[in-house]
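1. Predicted model follows, preceded by the sequence.
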Amino acid sequence: MKGGWFRGYTIFYLIFLYAPIVLLPIFAFNNATTIAFPLNGFTTIWFSKLWDDPALHQALKNSLIIGCSAAVISTCLGVFASRASSRYAFPFKTPLMGLIMLPLVMPDIILAVALLTVLLGIGMPLSLFTVILGHVLVCTPFSIAILSAAFQSLDQSLEEAAYDLGETPISAFRLVILPLVLPGIISSLLITFTISLDEFIMAFFLAGNENTLPVYIFGQFRFPQNVPVILALGTILVCLSIALLATAEYFRRRGLAKTGGKGTGGFL
Amino acid sequence: MQSKPKVRFRGSEAANGLLMISPTAIYAILLLAAPLGMILVYSFMTDGYLQIIPKFQLCNYFGECHSYKDVNGVLTESQTYKGVWSDPLALTLMWRSLMISMVVTAVTVLLAFPVAYYVSFYVAPSKKSLWLFLITIPFWTSYLIRVFLWKVILGTGGPINFGLLEIGLIQEPITWLLYNVNSVVITLAHAYAPFAILPIFVSLEKIDRSFLEAGRDLGESPFMTFWRVTLPLAMPGVISSVLIVFIPTIGDYVTPSLVGGPEGKMVANLVELNYKKLDNYPLGSALAVSSMALVMAVSLLFLFLNRRFLRGNKR
């Protein structure tokens, strides 16, 4: 098959997609406070400045706490929902799954203000915990999208065989199903962590006086002299995200290969 | 075979399924459905200082409203403001947000289609995952920083202006690239690109390739085969891409804040203003509800216009 014309277009499109990410390290290593061409020589000063900003360290710590918690909780909720939807037929399945997947298409700001209204209404003070609540809501649909593929490709006769051999539902799940979907679970943990680490709107509304990494970054954009440091931070974050995503993709494919499913690729 | 019409509920498949989904469903009901219902209720309430007065009114949507303040234990009127559909500023922002989302959706989906087509029809099956992974990576990496870099790219010291100045096409930097509706459209089209590609790709993958051969065998040109066979079969994917790009873009906050300038502000900026700065939750809620209603109306109209493609898909 040829498709030379389409190939050229797609490569051009990928250049458009990657343009900002390619510029990021260029400016992060550029020896100038203004983010503009022409470039002014190589420096690592912006990276070393990352070490002496306590506000940044606090924000990073908060983001890690939120990211880990949101990843674990949303993946657990994702396991329940995707197992239920792929294994059982039950009443209200479509509306319930629709509701759970809704944050995928809803504008984040609507979810954030709605959650904010309720939390303040019941008198819960804003903290890292409230951000976790919001992030779980946003992350769960992605977790379900990944895990559904893993659960759907599962052969039900394996589970039945385990029952026939005297296993209880719980031990059958632990011994037979869990090992088969484990790669999907790891993939989901990594993706949801990446999403949470990058999520801004929820944290912006729900963090109260606390900072998360994106909220900190957004605040720093107001001070032009701090922007190079932020771009250095961004370079590290992008590298970290790519590493996490590549690992997640590796596990996702391994999981699909294990259960004999065919991956069409992509997480959605 | 169950002979009795009434099946024992406990231990049945339905009960197991409901039990299994209950943690996630309860979470979604408590923290998603209930809050969304709550802002709908709040949008009909009265604004008090740091509190909501449970007095039903329509003026957050239409007409003039009063905020109340607690003065020595007595609620007194403090400020007057206009309801969403009577406020020229809110109407301008909603209209602009709607226009921006529609343009972004059209641009994103049109640009995305050939990419999805290429990956589905020309890339070797073993390489498809890799291509899709390459396409999705930018989507997962720091949104804020990507938007900020668009500000740099379109700015006066950015690569576009620098390049044009260097080759002598322009004498001084172009300023109309940034801080207007165009920059918002470009940035959003970039941000939502993978969202548009994946659904189209999935529906293209489902097309039975022998249909295309049949079309060609019956004497259709490649273009007519595409127009009469491929495109109608890919329409469900195109429709999901349109919705998955259109609905979230209308509520985008970061892009209009960073690259929009005063002319490019969108409805999310006004929602944020009412919630965080002005502390007027009823008006903020009315604004959120109104813009969601607007999006839903346009989406339903779009689905209605394309209903024949969706019906054909169900089989």
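-> It's in.

2. Strands of chain B, start to end?
-> B:46-48, B:51-53, B:64-71, B:74-82 (DSSP state E).

3. quick one: which of those is nearest A:L206?
-> Nearest of these to A:L206, taken as C-beta to C-beta: strand B:51-53 at 18.4 Å. (Glycine included, C-beta is placed from N, CA and C.)

4. Who does the closest one pair with, and is each partner parallel or antiparallel?
-> Here strand B:51-53 has these sheet partners by DSSP bridges: strand B:46-48 (antiparallel).

5. ok so, going back, mean neighbour count, the strands of chain B: which tops it?
-> strand B:46-48 (a mean of 22; mean count of other C-beta atoms under 10 Å in any protein chain shown).

6. residues making contact with it?
-> Contacts with strand B:46-48, where a contact means C-beta atoms under 8 Å, 6 or more residues apart in numbering or on different chains, come from B:52-55, B:57, B:65-70, B:75, B:280-283.

7. With mean pLDDT added, can I get the strands of chain B in a markdown table?
-> Output for the strands of chain B, formatted as a markdown table (pLDDT from 0 to 100):
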| stretch | mean pLDDT |
| --- | --- |
| strand B:46-48 | 81 |
| strand B:51-53 | 77 |
| strand B:64-71 | 79 |
| strand B:74-82 | 79 |
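
8. so who does the spatially closest residue to A:P107 that is not a sequence neighbour touch?
-> Nearest non-adjacent residue to A:P107, counting by C-beta to C-beta, 6 or more residues apart in numbering or on different chains: B:G251, 2.3 Å away. Taking C-beta under 8 Å, 6+ apart as the contact definition, B:G251 lies against A:M106, A:P107, A:D108, A:I109, A:I110, B:S97, B:V267, B:A268, B:V271, B:S291.

9. which one of the residues you listed has the most neighbours?
-> For those, neighbours were counted using other C-beta atoms under 10 Å in any protein chain shown, and B:V267 has the most, 30 neighbours in all.

10. List the buried residues for stretch B:88-98?
-> B:A90, B:L93, B:M94, B:R96, B:S97, B:L98 (16 or more other C-beta atoms under 10 Å in any protein chain shown).

11. Out of the residues you listed, which comes closest to chain A?
-> B:S97 (9.9 Å; C-beta to the nearest C-beta).

12. So the closest one sits against B:M266, correct?
-> Yes - counting by C-beta atoms under 8 Å, B:S97 sits close enough to B:M266 to count as a contact (4.3 Å).

13. Name the residues contacting each of these two.
-> Common neighbours of B:S97 and B:M266 (C-beta under 8 Å, 6+ apart) are B:I250.

14. In stretch B:19-39, which residues have enough neighbours to count as buried?
-> B:20-21, B:23-25, B:27-28, B:31-32, B:35-36, B:38-39.

15. measure it end to end?
-> 29 Å (C-alpha to C-alpha, to the nearest Å).

16. near chain A too, which of the buried residues of stretch B:19-39?
-> Contacts with chain A within the buried residues of stretch B:19-39, counted by C-beta under 8 Å from any C-beta of the partner chain: B:20-21, B:23-25, B:27-28, B:31-32, B:35-36, B:38-39.

17. In a markdown table: these, plus pLDDT.
-> Putting these into a markdown table (pLDDT from 0 to 100) gives the following:
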| residue | pLDDT |
| --- | --- |
| B:M20 | 87 |
| B:I21 | 89 |
| B:P23 | 91 |
| B:T24 | 92 |
| B:A25 | 92 |
| B:Y27 | 93 |
| B:A28 | 92 |
| B:L31 | 92 |
| B:L32 | 92 |
| B:P35 | 92 |
| B:L36 | 93 |
| B:M38 | 89 |
| B:I39 | 90 |
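
18. Out of the residues you listed, list just those in helices.
-> When DSSP state H defines the helices, the subset of these inside them is B:M20, B:I21, B:P23, B:T24, B:A25, B:Y27, B:A28, B:P35, B:L36, B:M38, B:I39.
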